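Student: test case, fold it:
(4 chains)
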2 protein chains.
Amino acid sequence: MAGPTLRDVAKRANVSIRTVSNVVNGYAPVSDELRARVQVALDELDYRPNLIARNLKQGRTGMIALVVPELDVPYFAELAREVIRAARAQGYVVMVDQTDGDGDRERELLGRDSRATMFDGLLLSPLSVSADELRARAHRVPIVLLGEHIFNGSFPHVAIDNVSAARDATTHLLELGRRRVAAIGDQPYATGETAQLRTSGYRQAHLRAGLEVDEELIVSTPHFHRRLGAEAMERLLALPEPPDAVFCYNDLLALGAIRALTRAGRRVPDDVAVVGLDDIEEGQYSTPSLTTIAPDKGEIARRAVDTLLESIRGTAGAPAEIVVPHRLIVRESTAGEAAPH
Amino acid sequence: MAGPTLRDVAKRANVSIRTVSNVVNGYAPVSDELRARVQVALDELDYRPNLIARNLKQGRTGMIALVVPELDVPYFAELAREVIRAARAQGYVVMVDQTDGDGDRERELLGRDSRATMFDGLLLSPLSVSADELRARAHRVPIVLLGEHIFNGSFPHVAIDNVSAARDATTHLLELGRRRVAAIGDQPYATGETAQLRTSGYRQAHLRAGLEVDEELIVSTPHFHRRLGAEAMERLLALPEPPDAVFCYNDLLALGAIRALTRAGRRVPDDVAVVGLDDIEEGQYSTPSLTTIAPDKGEIARRAVDTLLESIRGTAGAPAEIVVPHRLIVRESTAGEAAPH
DNA sequence: CATGATGTCTGCATCGTTGCAGAGCCCTCA
DNA sequence: TGAGGGCTCTGCAACGATGCAGACATCATG
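Tutor: Okay, here's the model as predicted:
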């Protein structure tokens, strides 16, 4: 199973190992005659360089790791795709790992026996590891954080402006004339920082419109999955005064909410308008199609990869908070008029 | 940036490098006193083993690569999740790469300078590389193929029985009393082997029901994406005698088709019933929810990983065609009665 | 002709780890 | 007492590649 090594090729071509290496890499000048002879031997043996050995010698692997909670959450899958593409453009490959949203697994990744040393850098989308834990554990591998707002000067961090994104979504609903706008996805505990930022934006929108927030309309969910969106919506529909619009903290929640509305016989957007966040492809094809806040995923991936590579090459400045643009995309789930009350 | 090595720890604890290694790995017996001293040095320096060096020495990396066409296609994302999980259960990590459905990229992966040598094995879901090409290029790395039917004895291959899956889907529609059942997703050219198997199952179902296939109702699509499903459906609706049911070769096509139907004002399933294939999570929450053929993805992942590891460990038998079960899941998109013509 | 510059090619050391063979030491038992 | 065995611990070589310094031959130059 083990392939031929430089030594084998060298023996066959009757030259030194070093010369074969030079031919393979084109490093040093080699005469045409020798080069040809070596090339023949390379071909005959079908030599492939052992990248592990090369990596050991050079102290780098050309691999970065992307760690996300769940790969089958469309947002992360789409982001992963962009990251892989951005890394490839810079000559790096990406190893994708998922933590299943499990804090222990996230910590394990930073632990003593982790495979982190195999990578030149880490792109991390943490769910429950705190910045302090990260700082305590991650010494030697450059890290860039994605999405979650646990930045405190220790690590570069790439994300959209969550507050203004949520504000834009909510304002859109208020401008449609909706007056009971619910919010699905708050997470009022330590690791729910992103969710809290979005709640903050939701409140700001009301404040600016001179409206009160009905606290009953803010529903928490431990995760951002379809099922929880549907359940939260059902609870909202059971209120004495149900909402006429919902801002969901991601598209999956929104799709779940729409599902619950449809099942309950409510029309979207006529009875209840729905806005999501993430702009996953699915939202373009759902019925009704989904109005959403679209983060620029390509830009997130590129900035994250670029920042990580700078850090790897040692050309990085101080860790920065990088804010990537987002925009509102209006589709059917909010396109109609509000039904008269 | 470079961390402490065994040598550094050894120097500090005043023992040999080998003893430190023994403590780290627990290989050989070490007296309690020495062990304690070494442990202190390990902790003080925060030693982490250099996995690249370990890999070089041991000739294995503990990494396998999973190569799929597109990671943001839900089926592949869900499969990737299962593969990562199955591999982790066996102590392996998975590097996910995508080829963007690009044959050249698939070939590049097998080429001289590929990173394939970094992996103990390859899980490949090829789109356009043929078995012959694979055989010619992939010598030393164990390979297991997923999904596509290019098996010819050279490589182990894990997939569902595509013919019977398609037959089951089509039969379900026929048994509902539908009589003009369309098929979306045929690919009548060299690299469309899987699609052709499904077309074959579609025909078999008609044959067994004693019905003719109207060739006009079989629509080809170069890819399996939502947009193409919608476009294909529009073409079918434009026929003088449009279908009253559609079997789509994957769920994305089906969701696109449903979208086109809804937009055209047709009711699903009343006017047109729709069946997909893959059982992606999205289909459970779409409106209407999607009847589909569900491959056992967990089983596919486990069998593929197990087979690959056997091959890596050299305990494999002859390459086998492994068939994984599937089942029909009936949801709203076919649950109703056909509308009277 | 001596000198140095240039162009090829080579051998040795090294990356950080583990496999292997064996050195000491202490204890047991004939 | 001394041979044998078990327990710890160590040093050397090796995995397969590249960095570096230098050997050797050739050639131009003063």
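Student: so who does residue A:34 touch?
Tutor: Residues in contact with residue A:34 (C-beta atoms under 8 Å, 6 or more residues apart in numbering or on different chains) are A:13, A:15, A:19, A:23. The way it works is simple: take the backbone N, C-alpha and C, and place the C-beta from them, glycine included.
Student: just the element for it, please.
Tutor: helix A:32-45 (DSSP states H and E).
Student: so does that helix get close to DNA strand C?
Tutor: Yes. Using C-beta under 7 Å from any atom of the strand, we find that helix A:32-45 touches DNA strand C at A:33-35.
Student: what about that helix, distance to the chain center?
Tutor: 46 Å (C-alpha atoms, centre = their mean, to the nearest Å).
Student: and it, what's its mean pLDDT?
Tutor: Mean pLDDT, helix A:32-45: 91.
Student: which parts of it are buried?
Tutor: Burial within helix A:32-45, assessed by neighbour count using 16 or more other C-beta atoms under 10 Å in any protein chain shown, is assigned to A:34-35, A:37-39, A:41-42, A:45.
Student: what's the closest of those to residue B:122?
Tutor: residue A:45 (21.3 Å; C-beta to C-beta).
Student: contacting residues for that closest one?
Tutor: A:4, A:8-9, A:12.
Student: the residues of helix A:32-45 next to DNA strand C into CSV, with extra columns for distance to residue B:90?
Tutor: Below are the residues of helix A:32-45 next to DNA strand C laid out as CSV (distance: C-beta to C-beta, whole Å):
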residue, distance to residue B:90
A:33, 50
A:34, 46
A:35, 44
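Student: out of those residues, who's nearest chain B?
Tutor: Nearest to chain B out of these is residue A:35 (C-beta to the nearest C-beta; 16.1 Å).
Student: wouldn't that closest one be in contact with residue A:23 here?
Tutor: Yes. Contact status for residue A:35 versus residue A:23: in contact at 5.6 Å, counting by C-beta atoms under 8 Å.
Student: returning to what we had before: top of the contacts of residue A:34 by neighbour count?
Tutor: The residue in these with the most neighbours, by other C-beta atoms under 10 Å in any protein chain shown, is residue A:23 (23 neighbours).
Student: give me the pLDDT for that one.
Tutor: For residue A:23, the predicted pLDDT is 92.
Student: what about it, which helix or strand?
Tutor: helix A:17-25.
Student: name the helices or strands packed onto that helix?
Tutor: helix A:6-13, helix A:32-45 (3 or more C-beta pairs under 8 Å, 6 or more residues apart in numbering or on different chains; DSSP states H and E).
Student: nearest to residue B:92, out of those helices?
Tutor: Nearest to residue B:92, of all these, is helix A:6-13, at 28.2 Å by C-beta to C-beta.
Student: what residues of the closest one count as buried?
Tutor: A:6, A:9-10, A:12-13.
Student: filter those residues down to the ones close to DNA strand D.
Tutor: Answer for the buried residues of helix A:6-13 near DNA strand D (C-beta under 7 Å from any atom of the strand): residue A:6.
Student: still on that earlier bit, nearest to residue A:254 among the contacts of residue A:34?
Tutor: Distances from residue A:254 to those, taken by C-beta to C-beta, are shortest for residue A:23, at 58.0 Å.
Student: touching, the closest one and residue A:36? I think so.
Tutor: No. Counting by C-beta under 8 Å, residue A:36 is not a contact partner of residue A:23; they are 9.5 Å apart.
Student: which non-adjacent residue is nearest residue A:257?
Tutor: residue A:233 (4.0 Å; C-beta to C-beta, 6 or more residues apart in numbering or on different chains).
Student: before we move on, what about residue A:23?
Tutor: residue A:38 (4.4 Å).
Student: likewise for residue A:219?
Tutor: residue A:232 (4.3 Å).
Student: ok, residue A:208 next?
Tutor: residue A:171 (7.3 Å).
Student: so where do the strands sit in the stretch 51-200 of chain A?
Tutor: In the stretch 51-200 of chain A, the strands defined using DSSP state E, counting those that start in this stretch lie at A:63-68, A:93-98, A:121-124, A:143-146, A:157-160, A:181-186.
Student: hey, least reliable of those strands by pLDDT?
Tutor: Of all the strands of the stretch 51-200 of chain A, strand A:93-98 has the smallest average pLDDT, which comes to a mean of 87.
Student: tell me the residue of the stretch 101-250 of chain A that sits nearest chain B?
Tutor: Nearest to chain B in the stretch 101-250 of chain A, going by C-beta to the nearest C-beta, is residue A:226, at a distance of 4.4 Å.
Student: give the contact list for that residue.
Tutor: Contacts of residue A:226 (C-beta under 8 Å, 6+ apart): A:252-253, A:255-256, A:259, B:281, B:284-285.
Student: need the pLDDT of the residue nearest to it when sequence neighbours are not counted.
Tutor: Excluding the flanking residues, the one nearest residue A:226 by C-beta to C-beta, 6+ apart is residue A:256, at 3.7 Å. Listed pLDDT for residue A:256 reads 96.
Student: how much space separates residue A:256 from residue B:285?
Tutor: 6 Å (C-beta to C-beta, to the nearest Å).
Student: what's the burial count for residue A:175?
Tutor: 11.
Student: kindly report the same for residue A:330.
Tutor: Residue A:330, neighbours per other C-beta under 10 Å, totals 13.
Student: now the phi/psi pair for it, please.
Tutor: phi -90, psi 120 (degrees, to the nearest 10).
Student: tell me the contacts of it?
Tutor: Counting by C-beta under 8 Å, 6+ apart, residue A:330 has contacts A:172, A:291.
Student: quick check, pLDDT for it.
Tutor: pLDDT, read off for residue A:330, is 96.
Student: just residue A:150 next, same as before
Tutor: So residue A:150 comes in at 63 (pLDDT).
Student: next: the one 5 residues further on.
Tutor: Taken from the predicted model, the pLDDT recorded for residue A:155 is 88.
Student: also residue A:74?
Tutor: So, for residue A:74, pLDDT stands at 95.
Student: that one touches residue B:78, doesn't it?
Tutor: No. At 10.4 Å, residue A:74 does not count as touching residue B:78 under the criterion of C-beta under 8 Å.
Student: between these two, which is the more surrounded one?
Tutor: More crowded of residue A:74 and residue B:78, by other C-beta under 10 Å: residue A:74, with 25 against 21.
Student: got a list of what residue A:259 touches?
Tutor: So residue A:259 contacts A:226, A:229-230, B:285-287, B:289 (C-beta under 8 Å, 6+ apart).
Student: if I read this right, residue A:279 contacts residue A:329, doesn't it?
Tutor: Yes. Judged on C-beta under 8 Å, residue A:279 makes contact with residue A:329 at a distance of 6.2 Å.
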